[in-house]
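Participant: Model the structure of this input:
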Amino acid sequence: MRIVSDSVISKFESLIDLNYWNKMLGVARSSLALSLLLTLLFNTNEVLFTTGINNEVLPSLDKYPFLNLYALIENFTTVKVLSIIILMIVILGIYPRYTCVFHWWVTFSFFNTSLIIDGGDQINNILTLLLIPVCLTDQRRSHWSSPKSDADSSFYAKTIAFFSFIIIELQIAFLYFQASVGKFKVPEWGNGTAVYYWFRHQSYGMNDTLYPLVISLLKNPFIIAYTTWGVLLFELFLCSCIFFKNTKIRKTAWYLGILFHFGIIVIHGLFSFFFAMLGALTLYLAVKKAK
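Facilitator: Next up, the predicted model:
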């Protein structure tokens, strides 16, 4: 019985013996922080926290008042400045095991207060929470440095990181699954015309500089149809990457995913969303590495 037990433990140890605390983790954390930082830096309090002609509609701070920084401090400017400082520290990579909780606190507070949140803010809120166990076991002074030997050899740290990344990968895989399958019920995605309408959307469509260059392509039914269905298939491909262990395939998928989301910047101008998805893709495909 003892031999069987030792064999199971040995196999589990070999399964979790990966490099979790590397520079790519730093890329992911910094990308997530930069996503919210850009939103805070380039938008006024009125844009972020009020609506209406006379700014008469304010966010309700009754939701999680004991956790929400905006409810605790009750001054949007003060919390905004504090959030910017914390996010800049996260980007610099200083002591991830200490800053991870504050990183999540800032994203959580913004997500539950701002009136203009998008999918990137929701992703930020979830992933910064799921990263806390990983970062608490990170013994490095900076997430840009190589892992220390004590963190590298800790069975408990690797176990926590292993199961944390399973949850993170499941979350991101489901995100892409829902992004693809959720579109199936929309007629324009089914008949292959959705990209045409999104490119010409009044608020989120292609900018005036780029539009004249691709107008002829938009009028080609075959290009529009294959582009529309290609988006659905590519999102399903990214979802399926959770089953791939081959490093080259995952690395290729990571580059293609970045290119895909960069295209969304070019077409729709969603900068903060790009960095949120860059962080998500990096956690999903590029952090866990064999030693």
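Participant: residues of the helix or strand containing Leu233 that come out buried?
Facilitator: In this structure, Leu233 is located in helix 221-240 according to DSSP states H and E. Within helix 221-240, the residues that count as buried by 16 or more other C-beta atoms under 10 Å are 224-225, 227-229, 231-232, 234-235, 238-239. (Glycine included, C-beta is placed from N, CA and C.)
Participant: Same check on stretch 94-108?
Facilitator: Quick answer for stretch 94-108 (16+ other C-beta under 10 Å): 95-97, 99-100, 102-108.
Participant: quick one: which of those is nearest to Gly192?
Facilitator: Comparing those against Gly192 with C-beta to C-beta places Thr107 closest, at 36.4 Å.
Participant: Look up how far Phe76 lies from the closest one.
Facilitator: The spacing between Thr107 and Phe76, counted by C-beta to C-beta, to the nearest Å, is 16 Å.
Participant: Pull the residues that contact the helix or strand following the helix holding Leu233.
Facilitator: Going down the chain from helix 221-240, the next helix or strand is helix 247-268, by DSSP H and E. Contact with helix 247-268 is made by 198-199, 204-206, 210, 234, 237-238, 241, 244, 270-271, 273-274, 277-278, 281-282, 285-286, 289-290, as judged by C-beta atoms under 8 Å, 6 or more residues apart in numbering.
Participant: Can you spell out which helices and strands pack onto whichever helix or strand comes after helix 247-268?
Facilitator: Counting by DSSP H and E, the element after helix 247-268 in chain order, helix or strand, is helix 271-285. Judged by 3 or more C-beta pairs under 8 Å, 6 or more residues apart in numbering; DSSP states H and E, helix 271-285 is in contact with helix 23-41, helix 119-130, helix 155-181, helix 247-268.
Participant: buried sites along the very next helix or strand once past the second one?
Facilitator: Read in the C-terminal direction, the helix or strand following helix 119-130 is helix 132-136, with elements assigned using DSSP H and E. Within helix 132-136, the residues that qualify as buried are 133-136, counting by 16+ other C-beta under 10 Å.
Participant: swap in stretch 105-119?
Facilitator: Neighbour-count burial for stretch 105-119, counted by 16+ other C-beta under 10 Å, picks out 105-114, 117.
Participant: Looking at those, which one is closest to Leu32?
Facilitator: Relative to Leu32, the closest of the buried residues of stretch 105-119 is Thr107; by C-beta to C-beta it sits at 7.6 Å.
Participant: contacting residues for that closest one?
Facilitator: Thr107 neighbours (C-beta under 8 Å, 6+ apart): 32, 36, 121, 124-125, 128.
Participant: Torsion angles phi and psi at Ile117?
Facilitator: Per-residue torsions, Ile117: phi -70, psi 150 (degrees, to the nearest 10).
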